[in-house]
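S.K.: Provided below for reference: sequence and predicted model.
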Amino acid sequence: AQSVTQLGSHVSVSEGALVLLRCNYSSSVPPYLFWYVQYPNQGLQLLLKYTSAATLVKGINGFEAEFKKSETSFHLTKPSAHMSDAAEYFCAVSDEDSNYQLIWGAGTKLIIKP
Amino acid sequence: EAGVAQSPRYKIIEKRQSVAFWCNPISGHATLYWYQQILGQGPKLLIQFQNNGVVDDSQLPKDRFSAERLKGVDSTLKIQPAKLEDSAVYLCASSLSRSGRARSYEQYFGPGTRLTVT
C-alpha cells in the first residue's frame, strides 16, 4: 500500500537560511508526487508536482523539489527562507494503485525565526 | 477563474445536533472530494464524486455522515448527529477529471469549514 512519511513534524529555520522539508514515499508503480502548503485558517494550495517528466520540479514562491527514485524521496527545498513561508507543508502521492487518490503525509510545520 | 467555494467558514454546534456544509467546485471540474482534517494531521478523504456519482465513500461514517452532489455541481456534506470527535476542518476539493493525465488529478482546495462540537 502507498504511504508517505514526512520527517519532522516541526522544522525551524532562520530567515534567509536554506529550507529543507523531507518526504519519502512508498509506491510499487510510477507515482505522481505533490507538495501542498497550508497557511493558518486556509485551505491547501499546490506548491509543485512531479508527473514523470523532469526530476527537478520548480514550484511557486521559489520552492523546488527533486524526485529521486532510488531513494524514494521527494524533498522540498528553498534557498532562502522568508517570514511569509511560515506554514504547514504536506507531501502527497498518487498512483494507479490508489486509483489516483492522494495519499497524504502528516505534514511539517515550518517555523521561520527572525 | 473562481476557486472552490465553501460555506460556512466556521460553525460551532453542540453534540447530537446536526450540521451541513456546502461546496461549489471550480466550473467544469468533474471530480469533487470531501476531506476531514483533524488538527495536526493530514487530510482524510471522506467521499469522492465523479460528476454526480459516488466513486469512493469507504471512509465515510455512514451512520452519521451523508453527502450528495445533485446535478454534478454543488455538493453538501451533512453530519447528524454530531459527536465531539467530529471537531475538525472539512475541506472540499475539485479536480478536472479522473482520466489519464496527471494534470487532471491536481486537486484544488476550498478554504475549509472549521467545525467545533461542544
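M.R.: Ah, there it is.

S.K.: Identify the residues contacting residue 44.
M.R.: You didn't pick a chain, so chain A it is. Going by CB atoms under 8 Å, 6 or more residues apart in numbering or on different chains, residue A:44 touches A:36-38, A:90, B:43, B:91, B:93, B:107, B:109. In this view, the C-beta of every residue, glycine as well, is placed from N, C-alpha and C.

S.K.: hmm, I had chain B in mind actually
M.R.: Shown in contact with residue B:44 (CB under 8 Å, 6+ apart): A:104, B:35-38, B:59.

S.K.: Name the residue closest to the centre of chain B, please.
M.R.: Computing the C-alpha centroid of chain B and ranking residues by CA atoms, centre = their mean puts residue B:34 first, at 2.3 Å.

S.K.: mind checking how far residue B:15 is from residue B:58?
M.R.: In this view, residue B:15 and residue B:58 are 25 Å apart by CB to CB, to the nearest Å.

S.K.: okay, the two: which has more neighbours?
M.R.: Counted by other CB atoms under 10 Å in any protein chain shown, residue B:15 and residue B:58 do not tie: residue B:15 has more neighbours, with 13 against 9.

S.K.: Identify the residues contacting that one.
M.R.: By CB under 8 Å, 6+ apart, residue B:15 lies in contact with B:81-84, B:117-118.

S.K.: For chain B, which element, helix or strand, carries the lowest mean pLDDT?
M.R.: Every helix and strand in chain B was compared by mean pLDDT, DSSP states H and E; the lowest is helix B:102-105, with a mean of 60.

S.K.: If I follow the layout properly, the residue nearest to the centre of chain B ends up in contact with residue B:46?
M.R.: Yes. Counting by CB atoms under 8 Å, residue B:34 does reach residue B:46; the two are 4.5 Å apart.

S.K.: Please identify every residue contacting each of these two.
M.R.: Common neighbours of residue B:34 and residue B:46 (criterion: CB under 8 Å, 6+ apart): B:67, B:77.

S.K.: wait, what's in contact with residue A:46?
M.R.: Counting by CB under 8 Å, 6+ apart, residue A:46 touches A:34-36, A:59, B:106-108.

S.K.: looking at the residues you listed, which has the most residues close by?
M.R.: Within the contacts of residue A:46, most neighbours by other CB under 10 Å means residue A:34, with 29 neighbours.

S.K.: What helix or strand is that residue located in?
M.R.: Using DSSP states H and E, the element containing residue A:34 is strand A:32-38.

S.K.: Could you pull up the mean pLDDT of that strand?
M.R.: For strand A:32-38, mean pLDDT rounds to 94.

S.K.: Can I get it in CSV, CA atoms only?
M.R.: Extracted C-alpha coordinates of strand A:32-38, given in CSV (Å, rounded to 0.1, in the frame of the first residue of the first chain):
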residue,chain,number,x,y,z
TYR,A,32,2.7,11.3,-9.1
LEU,A,33,4.0,13.4,-6.2
PHE,A,34,2.8,16.7,-4.8
TRP,A,35,3.7,19.3,-2.2
TYR,A,36,0.9,21.4,-0.8
VAL,A,37,1.1,24.4,1.6
GLN,A,38,-1.5,25.4,4.1
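
S.K.: what about that strand, near chain B?
M.R.: Yes. Using CB under 8 Å from any CB of the partner chain, strand A:32-38 comes into contact with chain B via A:32, A:34, A:36.
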